[in-house]
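This is a predicted model, with the sequence first.
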Amino acid sequence: MPHKDPFRPSRAGSAPFSSARRVERRWVPAGGIFVRGTEPSAGLRGKVKLLKPNITEAKSERCSGEDAAVTLSHKNLQSRWQKYFLLCVNYFFYGETVADYFGTFVQRREQLQFLIRYHRFISFALYLAGFCMFVLSLVKKHYRLQFYMFAWTHVTLLITVTQSHLVIQNLFEGMIWFLVPISSVICNDIAAYIFGFFFGRTPLIKLSPKKTWEGFIGGGFSTVLFGFVFSYFLAQHQYFVCPVEYNSETNRFVTECEPSELFQLKKYSVPLLLQAVLGWETVNMYPFQMHSIALSTFASLIGPFGGFFASGFKRAFKIKDFADTIPGHGGIMDRFDCQYLMATFVHVYITSFIRGPNPSKVLKQLLVLQPEQQLNVYRTLKSHLVEKGILQPSLRG
């Protein structure tokens, strides 16, 4: 049955077009209707032009829908890679902690010795597997999104997971190495707000218009004073100053020890300039209090730059808070933005100025050696002690 020509003149003789130009009589599909000829009249062209955008819009909507589906699938894939890299990094860091503090316990189980001995190689192999699979998953037209997610993942792991690992390392050195730094940062944040609220006049940095020099300076002095006093009270308790160690016999952590020299009261001479003010020639204090001045100074001078960094980051992505976990205060990261660098500084400070050779770690490494190697170490150590006069020469042989 032939299609009815929708543009045929009506029986009343009125034509729908202003032009009566004749065209070649053949059927041409156009937007779901059939028109005759290859060069329609002006009115017909107008109708066809109105129909073509609808076709284009339909195609664009269909293409955009397909692109959105592909983008969503790739985002889901990138989410899986993010979780995989998170797993790899946590496996590496927590494995390092297990090797350091649970070495004696692990050495007793043969099935775990392989994992400890080749821990770093296994961790790197897992990371390489994820790296290669990420490269193989790259898709044209989505390179930018995929590399964006890859870079975002690594930056997040560097800022959060690494900091968390260093916090745990600091905790094993003693609770005081965790409480004093984190409390100093919190004190600086509060004191800077109070001083800035009452005395603030001079803007400090454009990233945070509400931060002032008065608050920055007042918070710094308050933080140093707070850290000095707070350290004095914590250093009196064994629970806060003793390193956390794992007792393989009782299968639990213990914080019992003979406090080191850092946490034993010593007599210090007061500088001459302060003797006239205080009226004291000597003062009893813990050596750790001197280290607390360095920690508090860092918390008041460098710690706020972590907050500035977070402010710039949120401004770059036009967000107010990282999350809404805490009503009225944002997320966890919003409250701990000034803690970004503190854990790293404390760890570097301990390894550089506090921590000496650790006998327990040396013993754990000796237990891994072969029996012949252990005997060689024993003979060398015994001869060295004899030369120092610690052992009697009669014990030779």
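Arrived safely, thanks for sending.

can we go C-alpha only for contacts and neighbour counts from here?
OK.

Please enumerate the helices of the stretch 201-350 of the chain.
For the stretch 201-350 of the chain, applying DSSP state H, counting those that start in this stretch gives helices covering 213-234, 238-241, 272-278, 287-301, 303-316, 332-335, 342-349.

Would you mind giving those as a markdown table with distance to residue 154 added?
Output for these, formatted as a markdown table (distance: least, C-alpha to C-alpha, whole Å):
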| stretch | distance to residue 154 |
| --- | --- |
| helix 213-234 | 32 |
| helix 238-241 | 34 |
| helix 272-278 | 50 |
| helix 287-301 | 26 |
| helix 303-316 | 16 |
| helix 332-335 | 17 |
| helix 342-349 | 17 |
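
Can you tell me which of those helices is nearest to residue 111?
Residue 111 sits nearest to helix 342-349 of all the helices of the stretch 201-350 of the chain, at 31.7 Å, using C-alpha to C-alpha.

Can I get the following helix or strand past the closest one in CSV, CA atoms only?
Next helix or strand after helix 342-349 toward the C-terminus (DSSP states H and E): helix 359-368. Below are the C-alpha coordinates for helix 359-368, written out as CSV (Å, rounded to 0.1, in the frame of the first residue of the first chain):
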residue,chain,number,x,y,z
PRO,A,359,69.0,-4.6,71.5
SER,A,360,65.7,-6.4,70.9
LYS,A,361,65.8,-5.8,67.2
VAL,A,362,69.5,-7.0,67.0
LEU,A,363,68.5,-10.1,68.9
LYS,A,364,65.6,-10.7,66.5
GLN,A,365,68.0,-10.5,63.5
LEU,A,366,70.4,-12.9,65.2
LEU,A,367,67.7,-15.4,65.6
VAL,A,368,67.1,-15.5,61.9
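
other SSEs contacting the next helix or strand after helix 359-368?
Toward the C-terminus, helix 359-368 is succeeded by helix 371-388 as the next helix or strand (DSSP H and E). Contact here means 3 or more C-alpha pairs under 8 Å, 6 or more residues apart in numbering; DSSP states H and E; on that basis helix 371-388 packs against no helix or strand.

Only the buried residues of helix 371-388, if you could.
382, 383 (16 or more other C-alpha atoms under 10 Å).

what does stretch 267-287 give?
By 16+ other C-alpha under 10 Å, the buried positions in stretch 267-287 come out as 270, 285, 286, 287.

Any idea how many residues pack against the residue lying closest to the second one once chain neighbours are set aside?
Which is residue 285. In space, and not counting its chain neighbours, residue 285 is closest to residue 265: 5.3 Å by C-alpha to C-alpha, 6 or more residues apart in numbering. Counted with other C-alpha atoms under 10 Å, residues neighbouring residue 265 total 16.

CSV for the helices of the stretch 201-350 of the chain, including mean pLDDT and distance to residue 122?
Output for the helices of the stretch 201-350 of the chain, formatted as CSV (pLDDT from 0 to 100; distance: least, C-alpha to C-alpha, whole Å):
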stretch, mean pLDDT, distance to residue 122
helix 213-234, 96, 40
helix 238-241, 92, 35
helix 272-278, 83, 58
helix 287-301, 95, 36
helix 303-316, 86, 33
helix 332-335, 71, 31
helix 342-349, 92, 25
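
Could you point out which of the ones you listed sits nearest residue 120?
Distance to residue 120, taken as C-alpha to C-alpha, is lowest for helix 342-349 among those, at 20.6 Å.

and the closest one, how far from the chain's centre?
15 Å (C-alpha atoms, centre = their mean, to the nearest Å).

Residue 126: what's it in contact with?
residue 88 (C-alpha atoms under 8 Å, 6 or more residues apart in numbering).

Just confirm residue 304 contacts residue 338, I think it does.
Yes. At 5.5 Å, residue 304 counts as touching residue 338 under the criterion of C-alpha atoms under 8 Å.

neighbours of the closest residue to residue 253 other than its chain neighbours, just the number please.
Counting by C-alpha to C-alpha, 6+ apart, residue 246 is the residue found nearest to residue 253 once chain neighbours are left out, at 4.4 Å. Neighbourhood size, residue 246 [other C-alpha under 10 Å]: 18.

Mind pulling up the pLDDT for residue 246?
Per-residue confidence (pLDDT) for residue 246: 73.

how much space is there between the residue nearest to residue 285 and residue 94?
In this view, residue 265 and residue 94 are 36 Å apart by C-alpha to C-alpha, to the nearest Å.

Check residue 269 too.
For residue 269 relative to residue 94 (C-alpha to C-alpha), the value is 44 Å.

In this structure residue 310 contacts residue 337, no?
Yes. The pair residue 310 and residue 337 qualifies as a contact (C-alpha under 8 Å) at a distance of 6.2 Å.

Among the helices of the stretch 201-350 of the chain, which comes closest to residue 79?
Closest among these, using C-alpha to C-alpha: helix 332-335, at 20.4 Å.

That closest one: which residues count as buried?
For helix 332-335, the buried set under the neighbour-count rule, 16+ other C-alpha under 10 Å, comprises 333, 334, 335.

between those, which is nearest residue 207?
residue 334 (15.1 Å).

Can you pull out the low-pLDDT segments for this protein?
For the chain, the stretches with pLDDT under 70 are 1-75, 77-78, 102-108, 248, 328-329, 357-358, 360, 364, 394-397.

Leaving out the residues flanking it, which one is nearest to the spatially most central residue of it?
When C-alpha atoms, centre = their mean is applied to the chain, the residue found nearest the centroid is residue 160 (1.9 Å). Among residues not flanking residue 160 along the chain, residue 340 sits closest, at 8.0 Å (C-alpha to C-alpha, 6+ apart).

need the contact list for the one you found.
Contacts of residue 340 (C-alpha under 8 Å, 6+ apart): 159, 160, 163, 303, 306.

what's the distance between residue 279 and residue 261?
27 Å.

Kindly report the same for residue 118.
Distance of residue 118 to residue 261, given as C-alpha to C-alpha: 37 Å.
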